[in-house]
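Asker: Sequence first, then the predicted structure, then my questions.
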Amino acid sequence: MPTAPQAIAAHAEVLRSDARVLTECAQRLREIGAKLDGADTAPQWLRETLNAHIAACAAASDDLAGAATLLRLYADRAGR
């Protein structure tokens, strides 16, 4: 069974991984948006929805990365 600092550090890594996945998701959505812009056929509501999802992915990624950093610091201090 992992010690408390190891478990905390492992959870921090899961959060960091989730943050990376959300960053990748935002990038894929941006690529879809670029294709829609190139086709110039997408309705305005679709572009607005796409932009809202990009923003949500970016905000969630930032939040998770911040939480991962704090958990990692906590794990380091708990291990002393």
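Answerer: That came through fine.
Asker: element containing the most centrally placed residue in the chain, please.
Answerer: Residue closest to the average C-alpha location in the chain (CA atoms, centre = their mean): residue 61, at 2.4 Å. Using DSSP states H and E, the element containing residue 61 is helix 44-78.
Asker: For that helix, enumerate the helices and strands it packs against.
Answerer: helix 4-39 (3 or more CB pairs under 8 Å, 6 or more residues apart in numbering; DSSP states H and E). C-beta: built from backbone N, CA, C; applies to glycine.
Asker: quick one on the thing from earlier: show me which positions of the helix holding residue 61 end up buried.
Answerer: Within helix 44-78, the residues that count as buried by 16 or more other CB atoms under 10 Å are 50, 54, 57-58, 60-61, 64-65, 67-68, 71-72, 74-75.
Asker: Also stretch 3-17?
Answerer: 8-9, 11-12, 15-16.
Asker: Stretch 28-39 now?
Answerer: Counting neighbours by 16+ other CB under 10 Å, stretch 28-39 gives 29, 33 as buried.
Asker: Send me it as PDB with only the CA atoms.
Answerer: C-alpha atoms of stretch 28-39 as PDB (Å, rounded to 0.1, in the frame of the first residue of the first chain):
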ATOM      1  CA  ARG A  28      -8.800  19.300 -31.600                       C
ATOM      2  CA  LEU A  29     -11.800  21.600 -31.300                       C
ATOM      3  CA  ARG A  30      -9.700  24.500 -32.600                       C
ATOM      4  CA  GLU A  31      -8.800  22.400 -35.600                       C
ATOM      5  CA  ILE A  32     -12.500  21.600 -36.200                       C
ATOM      6  CA  GLY A  33     -13.200  25.300 -36.000                       C
ATOM      7  CA  ALA A  34     -10.600  26.100 -38.500                       C
ATOM      8  CA  LYS A  35     -12.100  23.600 -40.900                       C
ATOM      9  CA  LEU A  36     -15.600  25.100 -40.300                       C
ATOM     10  CA  ASP A  37     -14.200  28.600 -41.000                       C
ATOM     11  CA  GLY A  38     -12.600  27.400 -44.200                       C
ATOM     12  CA  ALA A  39     -15.900  25.900 -45.400                       C
END
